[in-house]
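the amino acid sequence is not available; the structure is as follows:
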Ligand code: 3IO
């Protein structure tokens, strides 16, 4: 049989979690196909950039691409509902909730690709140059986020600045932003701890990711290769969630020990204020997306049920 070579594009640098999961997927596919398939990985936006990922894969510039759906909130309305403040406790649960949701709705925005897997980050926390201890401290602070996480920052009164994670190191360096709102493993993987000496634990919303393949390329693969990839999909989702959760814990330890980062826990009374300001977000999302013809209330109910089911395991 002829060797099959696939290109796989990713937007952030090689040491970060989207690329770690990419290397793991490559290894598993090469192993499980007995060397019939070779995957050539392109981290760091060397083949496709964060915002070009979906269209680049559809156009065939890469066979496979890893994208953060938060960077195009309107395009991926259904799957981005996992970034509403509904209480996803960790990346493992979040990843499975996202995968369930995708499989139930199979949204039309994915019709031109084959979805190979999905996964989520751990819930977001604030990483900042200055200490943020109260809701008042957040007001007017220039913080970077995207998608659902950006809506959370706006509700808290931050000056929310939107950009992909891959543009954040330069923005922090230049002082365009004073910090960011995302999962905390980036403190170590991007060395943000060298500049952000404070983490405020809010454990709020996740960022959802998808790995997609060019449709014609998928259709050209032999059935046994397709089966290997389909069998790997849910497993890869859980693997990545677990990797993310473990890596966040490691990054927090490293930040405290090696970088003298202070990790701020909000008091119950303070946290109640932060949570209260998020209360209108989900109702507003349901109203806006019902108007666009989505079964928005059902989507939210499905996410809540799925969180409860996976968190109980
Ligand atoms: C992320 C994106 C690229 C590399 C590491 C990362 N950790 C968390 C995210 C989530 C995200 O896409 C973002 O923009 O915060």
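Perfect, thanks for sending it. Owing to the predicted nature of the structure, the values given are computational and were not obtained by experimental measurement. Residues are numbered from 1 along each chain as shown.

tell me the pLDDT of residue 1.
Note on residue 1: pLDDT of 60.

over to residue 22?
99.

repeat for the one 3 residues further on
According to the predicted model, the pLDDT of residue 25 comes to 98.

show me what contacts it?
8, 39, 116, 117, 211, 232, 236 (C-beta atoms under 8 Å, 6 or more residues apart in numbering). Using the backbone N, CA and C atoms, a C-beta is placed for each residue, glycine as well.

got it, and residue 119?
Counting by C-beta under 8 Å, 6+ apart, residue 119 makes contact with 21, 91, 95, 98, 99, 208, 209, 236, 237, 240, 241, 244.

name the member of the residues you listed with the most neighbours.
Ranked by neighbour count (other C-beta atoms under 10 Å), the contacts of residue 119 have residue 95 at the top, with 32 neighbours.

contact partners for residue 241?
90, 91, 92, 93, 94, 95, 96, 119, 120.

what is the burial count for residue 106?
Close neighbours of residue 106, defined as other C-beta under 10 Å, add up to 11.

then residue 112?
15.

next, count neighbours for the spatially closest residue to it that is not a sequence neighbour.
Leaving out its chain neighbours, the residue that sits closest to residue 112 by C-beta to C-beta, 6 or more residues apart in numbering is residue 58, at 4.9 Å. Under the neighbour criterion other C-beta under 10 Å, residue 58 is assigned a count of 16.

thinking residue 58 is in contact with residue 110, fair?
No - the pair residue 58 / residue 110 is not scored as a contact, 10.2 Å apart, by C-beta atoms under 8 Å.

quick check: pLDDT value at residue 173.
For residue 173, the model assigns a pLDDT of 97.

excluding residues flanking it in the chain, which one is nearest it?
Spatial nearest neighbour of residue 173, excluding adjacent residues (C-beta to C-beta, 6+ apart): residue 195 at 7.6 Å.

hmm, back to that, can you redo the contacts of residue 119 as TSV with secondary structure and distance to residue 50?
Listed next are the contacts of residue 119 as TSV, based on DSSP: H, G, I helix; E, B strand; the rest coil; distance: C-beta to C-beta, whole Å:
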residue	secondary structure	distance to residue 50
21	helix	16
91	helix	20
95	helix	20
98	helix	18
99	helix	22
208	strand	14
209	strand	11
236	helix	20
237	helix	21
240	helix	18
241	helix	21
244	helix	18
